[in-house]
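>>> let me see the structure of the following:
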Amino acid sequence: MLGERIRSLRKQKRMTLEALAGDALTKGMLSLIENNKAKPSMESLTYIAERLGVEVSSLLEDISIQELRTVLEQAEKLFNLLSPKKSETNKQIIALIDPYIENLSNGYEAARLLDIYSHCLFKEKKVGWMPYLDRAADIYDQMNLTSNRASLGIFRSTVIFIAHDYQEALRTFLHERSLIEANHAYIDPITRLSLDYHETILYFAVGDAKSALHVMNHAISFSNKNRIYYQIDDLYRMAAGHAMMSKNKEEMAYYATKLKQYGEFADDPNSLLFYKLLMIESLIFEEKQYDEVIKLIDELHTENHLNEVYKPYFMLEKGRALYGMGLYAEALQYLNDIHFPDYMHHPFDLSIFYIADSYIALCHLELKNEHEALKAAKKAIDRFEPLPETSYKDFSMETYQLIKSSLKQIKPADE
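Alright, predicted model coming up:
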């Protein structure tokens, strides 16, 4: 109501009743207006609006634009806050937006509040978040806010992706992209590259490398032509990851070189770390230089170049190198200590870490721990079962069959 809106704006501007009343109103009259016990004249309302620095129309609206902007500013700060207590922050945002949510109908502020609100509801595992996302999408479409609309489409697909339903995630993404392209005559280059990147991710996730490489190469060509290198490093990493999985030495060498060039040009540590990871992969499987692998990884660790994202990858490679050297007990210590982040959901990342179970099985086999070997080998193939075909998945099955054939005396019930 009008009174509450005046009081809210006054407090936001840290004004006292006396300061807002000024010379034209009494403190008592202003208090009655704020408590909806007196209705101001248009002259008084104009005076109050001027003192608050807002338009009269904004005071008369059901929800003033100024009020929504203030709420949005607070919500954005909380939403972008890097806090270990993210759940508490999400609940704060929900409580902040709740009083306004049913009256949000148009304008950027309304759309963005609906957008943030739906994200927070989803993160807190609350039902009913989807209609708010739909309302935000409608407003973004009406206002031709292509980048914001695309982000919602990507989010809708990502929700399904992190549930590991990769086919449905791809279907949803392609549907969302078709709607965006139908409703938005112009898609800015950054948004287009973001859409291409996520489409590439999803095609790779379902094992459709041909389509993934087509979209990826088109995106790289578009990026180079327009001299916009947004997410180019991510595309190179994705292509290099595919080459590594498919054991394509030429492609892996090509994209490794691209990553190194980009990393040196942009001074990007993640690109350089991934390049070194690819080189270590080659040292293990092509050249079998296990000592050199361990030396490189220890140097990176000593020099604090291994961030928390890449550390598990390199620890896995160290375990594989130790296995190659015949140091099975030591390899087990590293392989059993690997904990990959719970935010990893792409089959490429999952495959890299699931292969650790196969190496654990092989170490146990060499150490004559037959039951542990079979248990770990079975765990690996169970984990790989829903993932698309890769050389890593093949290796897990080969390891399982190898161990089974080596343990014919073990009864089926023991498996």
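
>>> from here on, just use CA atoms for contacts and neighbour counts.
Noted.

>>> show me the shaky parts of the stretch 201-350 of the chain.
For the stretch 201-350 of the chain, not a single residue meets the criterion pLDDT under 70.

>>> what segments of it are helices?
Here the stretch 201-350 of the chain has its helices, by DSSP state H, counting those that start in this stretch, at 209-226, 232-245, 249-266, 269-285, 290-302, 311-324, 328-336, 347-366.

>>> now do the contacts for the closest residue to residue 56 other than its chain neighbours.
Closest residue to residue 56 apart from its sequence neighbours, by Cα to Cα, 6 or more residues apart in numbering: residue 49 at 5.5 Å. Residues near residue 49 by Cα atoms under 8 Å, 6 or more residues apart in numbering: 55, 56, 59.

>>> if we can go back for a sec, now render the helices of the stretch 201-350 of the chain as a markdown table, adding mean neighbour count and distance to residue 189.
Below are those laid out as a markdown table (neighbours: other Cα atoms under 10 Å; distance: least, Cα to Cα, whole Å):
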| stretch | mean neighbour count | distance to residue 189 |
| --- | --- | --- |
| helix 209-226 | 17 | 8 |
| helix 232-245 | 22 | 13 |
| helix 249-266 | 17 | 20 |
| helix 269-285 | 19 | 22 |
| helix 290-302 | 16 | 36 |
| helix 311-324 | 23 | 33 |
| helix 328-336 | 19 | 43 |
| helix 347-366 | 22 | 27 |
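
>>> any chance of these in a markdown table, plus distance to residue 36?
Output for these, formatted as a markdown table (distance: least, Cα to Cα, whole Å):
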| stretch | distance to residue 36 |
| --- | --- |
| helix 209-226 | 58 |
| helix 232-245 | 57 |
| helix 249-266 | 60 |
| helix 269-285 | 59 |
| helix 290-302 | 66 |
| helix 311-324 | 61 |
| helix 328-336 | 67 |
| helix 347-366 | 60 |
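
>>> which of the contacts of residue 49 lies closest to residue 85?
Checking the contacts of residue 49 against residue 85 with Cα to Cα, the nearest one is residue 59 at 36.2 Å.

>>> what number of residues lie near the closest one?
24 (other Cα atoms under 10 Å).

>>> and residue 338, by the same measure?
17.

>>> what sits against the spatially closest residue to it that is not a sequence neighbour?
Distance criterion Cα to Cα, 6+ apart; nearest residue to residue 338, sequence neighbours excluded, is residue 312 at 5.9 Å. Applying Cα under 8 Å, 6+ apart, we find residue 312 in contact with 338, 339, 340.

>>> one more: residue 169?
With Cα under 8 Å, 6+ apart, residue 169 has these contacts: 157, 158, 159, 160, 161, 202.

>>> the residues you listed in strands, which ones?
Among the contacts of residue 169, no member falls in strands (DSSP state E).

>>> export those to TSV and tack on distance to residue 139?
TSV is the format used below for those (distance: Cα to Cα, whole Å):
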residue	distance to residue 139
157	19
158	21
159	21
160	23
161	25
202	27
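
>>> buried subset of those residues?
157, 158, 160, 161, 202 (16 or more other Cα atoms under 10 Å).

>>> show me which pair in these is furthest apart.
Farthest-apart pair in those is 160 and 202; separation 11.1 Å (Cα to Cα).

>>> return every residue with contacts to both of those two.
Common contacts of residue 160 and residue 202, defined by Cα under 8 Å, 6+ apart, comprise 166, 169.

>>> now do the domain split for this protein, please.
Following automatic domain parsing, the chain resolves into domains at 2-60, 231-288, 299-415.

>>> looking at the contacts of residue 49, which are in helices?
Using DSSP state H, the subset of the contacts of residue 49 located in helices is 56, 59.

>>> where does confidence bottom out across the contacts of residue 49?
Ranked by pLDDT, the contacts of residue 49 bottom out at residue 59, which has 75.

>>> picking that back up, let's have the buried ones among the contacts of residue 169 in a markdown table, adding distance to residue 290.
Listed next are the buried ones among the contacts of residue 169 as a markdown table, based on distance: Cα to Cα, whole Å:
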| residue | distance to residue 290 |
| --- | --- |
| 157 | 41 |
| 158 | 38 |
| 160 | 40 |
| 161 | 36 |
| 202 | 34 |
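
>>> what about the residues you listed, which are in helices?
Using DSSP H, the buried ones among the contacts of residue 169 in helices are 157, 158, 160, 161, 202.

>>> pick the one among the contacts of residue 312 closest to residue 230.
Looking across those and measuring by Cα to Cα, the closest to residue 230 is residue 340, at 26.8 Å.

>>> isn't the closest one up against residue 353?
Yes - Residue 340 is within contact range of residue 353, at 7.1 Å (criterion: Cα atoms under 8 Å).

>>> I appreciate the help and will end here.
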